[in-house]
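In: Fold the following.
(one chain, ligands or ions: 1)
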Amino acid sequence: MTPEGDPERAWRPMRPEDVPAVIDLAAVVHPTFPERPAVFLDRIALCPEGALVADRPDVRAGLAAYALAHPASRHAPPRLDTVLGRLPADADALHVHDLAVDPACRGRGLAEAAVRRLLRLADARFAAATLVSVHGTPPFWERFGFRPRPDLLAPGRLATYGTDAVFMLRERPSAGAPRDRPGPGG
Ligand SMILES: CC(C)(COP(=O)(O)OP(=O)(O)OC[C@H]1O[C@@H](n2cnc3c(N)ncnc32)[C@H](O)[C@@H]1OP(=O)(O)O)[C@@H](O)C(=O)NCCC(=O)NCCS
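Out: You can find the predicted model right below:
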């Protein structure tokens, strides 16, 4: 990915052989949330279309970014470092498990391109997308229509995500279903 490159075209499917580089980037971006390689391999197997990486041509075998998303229940986001084995039968949302951009590659639109791609996937299948925001990123997610929804979860559900974790949900714009509660201004 060059600074002048098209961020949409920088993303490609994550393959099992990418996992060591994904782990290296995760260690930089999420040092307090380590996840085992088996967790990444699990998500690739369960939802390959939601597992993405962007290469970093200036660093051999390095990644500029990765993203993971898969179907989940909006009331039960997976705990961190957990191998699922199969998708939940009651999946009703696309859950964005992780999005990480190398600090040297930020501000080039990589994350926005990944989110837009994942939301197209979400909107094609589900009436909602969910995620657990960490590192104070709710304002980033709000740009895409996500809103805090702690009311959907049982107490303690986010315990593995640290104290600043915020559960967020974005409803598909054309879903037509009644909202669970009014959004801002509504
Ligand atoms: C958050 C993160 C993914 C953004 O990646 P990025 O590639 O720099 O983002 P983009 O370049 O696509 O930014 C798109 C827009 O979002 C804005 N933005 C980026 N990070 C933001 C943040 N933390 N809060 C609010 N807005 C943010 C950018 O300014 C840009 O806006 P503009 O188009 O008006 O200039 C990246 O900083 C990161 O990996 N952070 C650490 C990991 C993390 O927190 N991931 C999310 C966990 S839930």
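In: is His95 in a bridge, and if so with what?
Out: Counting by DSSP bridges, His95 is bridged to His70, Thr130.
In: Show the contacting residues for it.
Out: For His95, the contacting residues are 69-72, 77-78, 129-131, by C-beta atoms under 8 Å, 6 or more residues apart in numbering. No exception for glycine: its C-beta is placed from N, CA and C like everyone else's.
In: Just give me the residue closest to the centre of this structure.
Out: Geometric centre of the chain, nearest residue: Val96, 2.8 Å, by C-alpha atoms, centre = their mean.
In: quick one: that one and Ala128 touch, right?
Out: No. In this structure Val96 lies outside contact range of Ala128 using C-beta atoms under 8 Å: 11.4 Å.
In: just to revisit the earlier point, make a markdown table out of the contacts of His95 and add pLDDT and distance to the ligand.
Out: As requested, these are exported to a markdown table (pLDDT from 0 to 100; distance: C-beta to the nearest ligand atom, whole Å):
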| residue | pLDDT | distance to the ligand |
| --- | --- | --- |
| Ala69 | 98 | 12 |
| His70 | 98 | 15 |
| Pro71 | 98 | 18 |
| Ala72 | 98 | 15 |
| Pro77 | 96 | 11 |
| Pro78 | 96 | 14 |
| Ala129 | 98 | 12 |
| Thr130 | 98 | 11 |
| Leu131 | 98 | 6 |
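In: Check the residues you listed for burial and list the buried ones.
Out: 69-72, 77-78, 129-131 (16 or more other C-beta atoms under 10 Å).
In: could you dump the helix-or-strand element of the chain with minimal mean pLDDT to PDB, C-alpha only?
Out: Within the chain, no helix or strand scores below helix 7-10, which has a mean of 94 by mean pLDDT, DSSP states H and E. What follows is helix 7-10 as a C-alpha-only set of coordinates in PDB (Å, rounded to 0.1, in the frame of the first residue of the first chain):
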ATOM      1  CA  PRO A   7      -7.300   1.900  -0.100                       C
ATOM      2  CA  GLU A   8     -10.100  -0.300  -1.400                       C
ATOM      3  CA  ARG A   9      -7.700  -2.200  -3.500                       C
ATOM      4  CA  ALA A  10      -5.200  -2.700  -0.800                       C
END
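In: so what strands line up beside the helix or strand that it is followed by?
Out: Note on helix 7-10: by DSSP states H and E, the next helix or strand toward the C-terminus is strand 11-13. Using DSSP bridges, the strands paired with strand 11-13 are strand 51-56 (antiparallel).
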